[in-house]
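Chemist: fold the following.
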Amino acid sequence: MQQLSVVILAAGKGKRMVSDMPKVLHRVGGQPLLGHVLATASSLEAATRVVVYGYGGEAVKAAFASEAGVVWVDQAEQLGTGHAVAQALPQIEESGVVLVLYGDVPLTRLETLQPLVAAARQGKLALLTVELADPHGYGRIVRNGAGQVRRIVEEKDATPEERSLHEINTGILAVSAAQLRGWVSQLTNDNAQGEYYLTDVIALAVHDGVAVEPFTVTEPAEVLGVNDRRQLAELERFYQRRQADTLLLGGVTLLDPARVDLRGTVVAGKDVVVDVNVVFEGVVRLGDRVRIGPFCVLKDAVIGDDVEIQSHCRVEGAEVGAGAQIGPFARLRPDTRLAAGVHIGNFVETKKTSIGPGSKVNHLTYLGDAEIGAAVNVGAGTITCNYDGANKHKTIVEDGAFIGSNSSLVAPVRIGKGATVGAGSSVSRDVPEGGLCLTRPPRKDVANWQRPVKPKQS
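Modeler: So this is what the prediction gives:
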């Protein structure tokens with residue numbers, strides 16, 4: 001099988017984005033536009049991925065520094081798509097085939113591109129087209145009476161008759177590397193924009209008797225690029241609709257599919273229910289019968305079976321055990337580990353904390369760098385004082401302990417098994433197993449106390 005090389009054109013500045021950021025670094029679904037295209041190229045098992053970059057090139061390269069196997073080619077002057085491909089060709093295996101993609105066209109599906117590659121391996125020039133109700137601004141596909149593609153004409157160079165055509169060029173094509181090399185060398189810039197158009201290779205292929213096979217995509221958004229913020233927003237909505245459909249078909253109940261955003265990957269069990277305005281980021285794993293309330297954010301989280309996450313919670317880098325209840329208004333920060341049956345209530349924040357089975361932290365509490373045992377009750381207003389201004393210290397609360405409301409646990413400190421900390425205590429020394437710690441001063445009552453009053457003004 002002929003080796004596949006993918007050339008991704010990503011040199012444009014994107015002036016209409018009104019941004020200092022290179023266009024291909026703007027995001028759809030939480031990922032840079034170029035990131036989607038690179039991932040698609042990887043899924044095609046491309047032997048070589050060549051990115052032709054230009055404006056903001058160092059920022060683009062830095063954003064994908066961890067992306068292995070990418071060949072970066074600088075297009076110092078932007079002289080058109082044909083010129084961009086010419087810069088990439090020295091990096092391409094002569095005996096293989098080439099697929100040309102675009103860094104600002106992020107949502108073309110693998111299933112759409114595979115037939116183009118197959119046709120190219122059969123010696124054809126494969127071209128991706130789409131029918132648009134309003135084709136303004138796009139190059140038109142010109143066919144003969146038999147329906148065969150003869151050439152592509154850019155709008156600025158088109159006749160009124162050609163401008164009336166609705167089938168447009170997506171710019172995506174696949175062909176033999178050797179043939180592409182020969183045709184690109186013949187391109188001229190004798191056109192309205194003074195650029196070297198890659199689209200001119202279609203007429204050269206026809207002239208050389210190479211079959212041009214068009215493939216028409218049925219969903220226009222799949223091949224539309226991004227030129228301004230409005231188009232970016234439109235593609236975001238299309239992407240999210242696609243993601244929502246995937247979740248729905250996988251058995252997840254979305255109470256309103258238009259109000260759930262997936263900016264990563266969700267792996268869900270059976271009978272999961274997701275309310276409105278929930279955002280998933282990174283990799284999220286949901287067990288069976290998980291219920292997620294409205295206005296929650298879950299990022300890189302593992303949620304066990306039968307967990308309920310109530311409204312306005314943020315769960316990031318955390319693992320939640322089966323049957324736990326979270327929220328509302330709770331924040332689980334990275335390295336939080338909750339065992340089965342844990343209750344985390346409103347306005348509770350945890351960080352680098354493990355909490356044992358059946359423990360309850362129901363109100364207004366901060367637990368950082370802590371180990372909480374099983375069946376522990378942590379009262380409202382409790383905090384772990386884990387930071388001394390330079391270093392973090394650990395708090396350990398053993399099984400069955402009871403922490404009274406409005407307590408401060410000054411780390412490093414250990415609360416023994418079954419111990420009790422009285423409300424309002426500031427604990428800076430270990431509490432022994434079964435002991436009681438009470439640090440608030442004795443109560444003082446003053447009879448017939450006269451509250452100070454302001455003097456009357458004359």
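
Chemist: and the helix ranked longest in the chain, what does it pack onto?
Modeler: Criterion DSSP state H: the longest helix present in the chain is helix 229-249. For helix 229-249, the elements it packs on are strand 27-28, strand 253-254, strand 260-268, judged by 3 or more C-beta pairs under 8 Å, 6 or more residues apart in numbering; DSSP states H and E. Glycine gets a C-beta too; all of them are placed from N, C-alpha and C.

Chemist: taking helix 229-249 as reference, get the angle to the longest one.
Modeler: Inter-element angle recorded for strand 260-268 and helix 229-249: 30 degrees (by axes from the mean of the first three to the mean of the last three C-alpha atoms, to 10 degrees).

Chemist: strand partners (parallel or antiparallel) of the next helix or strand after strand 260-268?
Modeler: Counting by DSSP states H and E, the element after strand 260-268 in chain order, helix or strand, is strand 273-274. Strand partners for strand 273-274, identified by DSSP bridges, are recorded as strand 253-254 (parallel), strand 291-292 (parallel).

Chemist: how about the longest helix of the chain: buried residues?
Modeler: Neighbour-count burial for helix 229-249 flags 231-232, 235-236, 238-240, 242-244, 247 (criterion: 16 or more other C-beta atoms under 10 Å).

Chemist: now do stretch 255-273
Modeler: For stretch 255-273, a neighbour-count test (16+ other C-beta under 10 Å) marks 257, 259-264, 266, 268-269, 272 as buried.

Chemist: quick one: Val453 is in a strand?
Modeler: No: counting by DSSP: H, G, I helix; E, B strand; the rest coil, Val453 is not found in a strand; it is coil.

Chemist: now the strands for the stretch 351-458 of the chain?
Modeler: Taking DSSP state E, counting those that start in this stretch as the test, the strands found in the stretch 351-458 of the chain are 360-372, 377-378, 383-385, 395-397, 402-403, 408-410, 413-415, 420-421, 426-427, 436-437.

Chemist: let's have the helices and strands packed on helix 229-249 in TSV, adding mean pLDDT and distance to Asp288.
Modeler: Listed next are the helices and strands packed on helix 229-249 as TSV, based on pLDDT from 0 to 100; distance: least, C-beta to C-beta, whole Å:
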stretch	mean pLDDT	distance to Asp288
strand 27-28	97	31
strand 253-254	98	13
strand 260-268	97	9
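
Chemist: surely Asn362 meets Gly345?
Modeler: Yes: contact criterion C-beta atoms under 8 Å: Asn362 and Gly345 qualify, at 3.5 Å.

Chemist: ok, those two, which is more surrounded?
Modeler: Gly345 (20 against 17; other C-beta atoms under 10 Å).

Chemist: so that one: helix, strand or coil?
Modeler: Per three-state DSSP, Gly345 ends up strand.

Chemist: how close does it get to Arg109?
Modeler: 44 Å (C-beta to C-beta, to the nearest Å).

Chemist: ok, back up a step: could you export the strands of the stretch 351-458 of the chain as JSON lines, including distance to Gln310?
Modeler: JSON lines is the format used below for these (distance: least, C-beta to C-beta, whole Å):
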{"stretch": "strand 360-372", "distance to Gln310": "12"}
{"stretch": "strand 377-378", "distance to Gln310": "18"}
{"stretch": "strand 383-385", "distance to Gln310": "22"}
{"stretch": "strand 395-397", "distance to Gln310": "24"}
{"stretch": "strand 402-403", "distance to Gln310": "23"}
{"stretch": "strand 408-410", "distance to Gln310": "26"}
{"stretch": "strand 413-415", "distance to Gln310": "28"}
{"stretch": "strand 420-421", "distance to Gln310": "27"}
{"stretch": "strand 426-427", "distance to Gln310": "30"}
{"stretch": "strand 436-437", "distance to Gln310": "32"}
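
Chemist: ok, now which ones touch Pro220?
Modeler: 130-132 (C-beta atoms under 8 Å, 6 or more residues apart in numbering).

Chemist: residue contacts, Ile326?
Modeler: Counted by C-beta under 8 Å, 6+ apart, Ile326 has contacts 307-310, 313, 315, 320, 332, 344.
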